[in-house]
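> predicted model follows, preceded by the sequence.
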There are 2 protein chains.
Amino acid sequence: MSVEPILQSEEAIIQGFLAPLAAGAPGAYGLKDDCATAAPSPGCEFVLKTDAIAEGVHFLTTDAPEDIGWKALAVNVSDLAAKGAKPVGYLMSLAFPAPPTRDWMAGFAKGLADAQEAFGIHLLGGDTDRRPGPISITPAVIGEVPLGRMVRRATARAGDHIFVSGTLGDSGLGLRVLLDPSRHAEWKLSDQQADWLRRRYLRPSPRLALRDALLRHARASMDISDGLMKDLGRMCRASGVGASVDDTALPLSQAFIAVRDAVPSAAQASLFAGDDYEILTAIPPDSIPQFTADARAASIAVTDIGRFTTGTAVRLQGRDGSDMDFGMSGWDHF
Amino acid sequence: MSVEPILQSEEAIIQGFLAPLAAGAPGAYGLKDDCATAAPSPGCEFVLKTDAIAEGVHFLTTDAPEDIGWKALAVNVSDLAAKGAKPVGYLMSLAFPAPPTRDWMAGFAKGLADAQEAFGIHLLGGDTDRRPGPISITPAVIGEVPLGRMVRRATARAGDHIFVSGTLGDSGLGLRVLLDPSRHAEWKLSDQQADWLRRRYLRPSPRLALRDALLRHARASMDISDGLMKDLGRMCRASGVGASVDDTALPLSQAFIAVRDAVPSAAQASLFAGDDYEILTAIPPDSIPQFTADARAASIAVTDIGRFTTGTAVRLQGRDGSDMDFGMSGWDHF
């Protein structure tokens, strides 16, 4: 029988696993001060975001700690990407109901380190506490944009085209495969497809490469974290416009299409389930050629899925032009 | 039987209670965007800190929501004050195991509003989630200092005098009175003294008025959140120095002295218990007259309690000059 070493002190966690994540940031002072310092580049301002993830709510107890570390940063950096912001650094508050094992912390720190490298970001400071409840990870991320240039949510206009990046619904399917591996066969997925869907849930990829195209051409932008129709509804309410989405235009992956062909209801239930971390953006008609060219140059697929309209209705139109019911689909935090 | 109205949606919490707290900050966009923006004043950089508080760990389930809101900001702003930083704004991540009542949210928001006004700070953005476990409040606060001027923890030198603001141990006693009201009589406290001790626990006052004096004269500084001797030990380790504290010089309140006279062991157990939110600072000998004059002008009591020394020993000396045992006193987060 082996005994797994347990990390009994905040100091062991900070100096053993977190301080190396701060090594590239002078303003983190090796996590040996009470506060961090940071200043935006000349001509820039900071863009700030905090979004917590908790065990059993935003990730599964069975998820690998590497994936949890990656996801904690990715879901926050995804917001920065949608706003046209370049990631700079982050604070992180950790809460553990019991001291983590060395193996868990090493995996978690590895996931953070991989995400840091992919996103160009460093740990600046934080706080580690023990308390009952699920493991909770609360990053506060900092990015920067040229002064006054953050791409807003509330600025879509009627007539703008609705674009989304990547494909939708994969993460929702991936979660269902993780929760019930028998879906793999039921949905007639190849091993590769099942892996890919799981990875879309476990390892979201913030669309940072689209940042410059958004800064140049987007009238409004946000990331899709709670499902396309729910987040589009939010953009419409904030902007005082409606929207009409063409269901037949929605970008779908081959794996998603395979599931839709095998069990249409499963695909339908996952399409707007959330955790996509794709970009939803309003592009003025005149800017479409340049936006799509810039997206292509950045190797990010973008798809025109409809238009913002006058009024307040948010509609999803089917093949025959009739309104489809998308109900209360999407993730609610509460 | 009355039914207490319950807040069932994130939207009701944000727009009903949190958005008013963001009204004074243009970069909060009325909490209607996904991110906030902020830039330091010309010639300044940001100072960043996150420290979470959770029900049952950092506050009591029976605490008034006004006090919880105040404390969540105060414990973070206390760090900014110690670093010489002017508070600017904050993000806040909230986690509730069950939807809060309207009354609870109104009280909590009132406590935040009072703290915002006292500290000159606004809510910039955040995140509200429902998850099991204690109510958790995770602010990430932003302050600013002139570029490169943050007062560090790791820069104390042998020969510097150790100063603390205010009085020590009151909050530890206040917590014990809250947990067991019979202490009030046992410790022979007047009603006023008992109230004052409770308030020291419930409503810590960050020493922002000392900010300029610290920027001008302090070689090193941090706030005392986990008890004087524990936090002094941290400053010594970070700075590579030792310290010798004169027990007879420690600043004590009248209420603390009353308890010490009645039940010496109770006072001793609380002196280094933490939650003081006073300033611990290293002042070079030459700067003492000006530092104490500036503190007096700011109406903040400061007391010379000893010296930083060569070596690594952190000692507490009693009346007869012998070393006193302060054991492992202080708050451990883990």
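Right, received. Where do you want to start?
> for the stretch 51-200 of chain A, what lies in contact range of chain B?
Residues of the stretch 51-200 of chain A lying close to chain B by Cβ under 8 Å from any Cβ of the partner chain are A:51-52, A:54, A:56-57, A:79-80, A:82-83, A:85, A:91-93, A:95, A:97, A:99, A:124-134, A:136, A:138, A:140, A:142-143, A:145, A:147, A:150, A:152-154. To be clear about C-beta, it is placed using only N, CA and C from the backbone, and glycine gets the same treatment.
> so which residues of chain A form helices?
With DSSP state H as the criterion, chain A has helices at A:10-13, A:65-82, A:102-119, A:170-179, A:183-186, A:191-202, A:211-217, A:228-239, A:254-262, A:264-271, A:288-297.
> mean pLDDT lowest where, among these?
Per-stretch mean pLDDT for the helices of chain A is lowest at helix A:10-13 (a mean of 88).
> how far away is whichever residue of the stretch 101-250 of chain A sits closest to chain B from A:A54?
Residue nearest to chain B within the stretch 101-250 of chain A: A:G133 (1.7 Å; Cβ to the nearest Cβ). Remark: distance between A:G133 and A:A54 (Cβ to Cβ, to the nearest Å) = 8 Å.
> what of A:D103?
Counting by Cβ to Cβ, the gap from A:D103 to A:A54 is 21 Å.
> of these two, which one has the most company?
A:A54 (21 against 11; other Cβ atoms under 10 Å in any protein chain shown).
> how about the contacts made by that one?
A:A54 sits next to A:133-137, B:95, B:129, B:131 when contact means Cβ atoms under 8 Å, 6 or more residues apart in numbering or on different chains.
> take those residues and write them to CSV, including pLDDT and neighbour count.
Output for the contacts of A:A54, formatted as CSV (pLDDT from 0 to 100; neighbours: other Cβ atoms under 10 Å in any protein chain shown):
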residue, pLDDT, neighbour count
A:G133, 93, 22
A:P134, 94, 20
A:I135, 96, 21
A:S136, 96, 28
A:I137, 97, 25
B:A95, 96, 27
B:D129, 92, 20
B:R131, 91, 19
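> for A:D294, which non-adjacent residue is spatially closest?
A:A213 (3.7 Å; Cβ to Cβ, 6 or more residues apart in numbering or on different chains).
> next one: that neighbour from A:T292, what distance?
9 Å.
> of those two, who's got more company?
A:A213 (28 against 18).
> filter the residues of the stretch 51-200 of chain A next to chain B down to the buried ones, PyMOL style.
Burial among these is assessed by 16 or more other Cβ atoms under 10 Å in any protein chain shown; the matching PyMOL selection reads:
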select buried, chain A and resi 51+52+54+57+79+80+82+83+85+91+92+93+95+99+124+125+126+127+128+129+130+131+133+134+136+138+140+142+143+145+150+152+153+154
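> can you flag which of the residues of the stretch 51-200 of chain A next to chain B belong to strands?
A:54, A:91-93, A:95, A:124-130, A:136, A:138, A:140, A:142-143, A:145 (DSSP state E).
> tell me the pLDDT at A:W331?
62.
> same question, A:F326
81.
> what's near enough to touch it?
A:229, A:272, A:316.
> scan those residues and report the most crowded one.
Counting by other Cβ under 10 Å, top hit in the contacts of A:F326: A:F272 with 26 neighbours.
> that residue and A:L280, how far apart?
A:F272 is 12 Å from A:L280, by Cβ to Cβ.
> chain center to stretch A:211-221: distance?
17 Å (Cα atoms, centre = their mean, to the nearest Å).
> check stretch A:240-259 too.
Counting by Cα atoms, centre = their mean, stretch A:240-259 comes out at 18 Å from the chain centroid.
> extract the C-alpha trace of it and format it as CSV.
This file holds the C-alpha atoms of stretch A:240-259, laid out as CSV (Å, rounded to 0.1, in the frame of the first residue of the first chain):
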residue,chain,number,x,y,z
GLY,A,240,-31.2,47.0,-28.1
VAL,A,241,-31.6,44.9,-31.3
GLY,A,242,-33.1,41.5,-32.4
ALA,A,243,-31.5,38.7,-34.3
SER,A,244,-32.4,36.2,-36.9
VAL,A,245,-30.2,33.1,-37.0
ASP,A,246,-30.2,30.6,-39.9
ASP,A,247,-30.2,27.1,-38.4
THR,A,248,-28.9,25.6,-41.6
ALA,A,249,-25.9,27.9,-41.5
LEU,A,250,-24.6,26.9,-38.0
PRO,A,251,-21.1,25.5,-38.2
LEU,A,252,-20.9,21.9,-37.1
SER,A,253,-18.0,19.5,-36.7
GLN,A,254,-17.9,16.1,-38.4
ALA,A,255,-18.2,14.5,-35.0
PHE,A,256,-21.3,16.5,-34.3
ILE,A,257,-22.8,15.6,-37.7
ALA,A,258,-22.1,12.0,-37.0
VAL,A,259,-24.1,12.2,-33.7
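> who are the neighbours in contact with the nearest residue to A:A194 once chain neighbours are set aside?
Leaving aside its sequence neighbours, A:A194 sits nearest to A:H184 (Cβ to Cβ, 6+ apart; 4.7 Å). By Cβ under 8 Å, 6+ apart, the contact set of A:H184 is A:177, A:191, A:194.
> in a markdown table: these, plus neighbour count and distance to B:G306.
Output for the contacts of A:H184, formatted as a markdown table (neighbours: other Cβ atoms under 10 Å in any protein chain shown; distance: Cβ to Cβ, whole Å):
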| residue | neighbour count | distance to B:G306 |
| --- | --- | --- |
| A:V177 | 22 | 62 |
| A:D191 | 8 | 67 |
| A:A194 | 22 | 65 |
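> so which of those residues comes closest to B:R234?
A:V177 (46.8 Å; Cβ to Cβ).
> that older thread, could I get the contacts of A:F326 as JSON lines with distance to B:G111?
Shown next, in JSON lines, are the contacts of A:F326 (distance: Cβ to Cβ, whole Å):
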{"residue": "A:M229", "distance to B:G111": "37"}
{"residue": "A:F272", "distance to B:G111": "38"}
{"residue": "A:L316", "distance to B:G111": "43"}
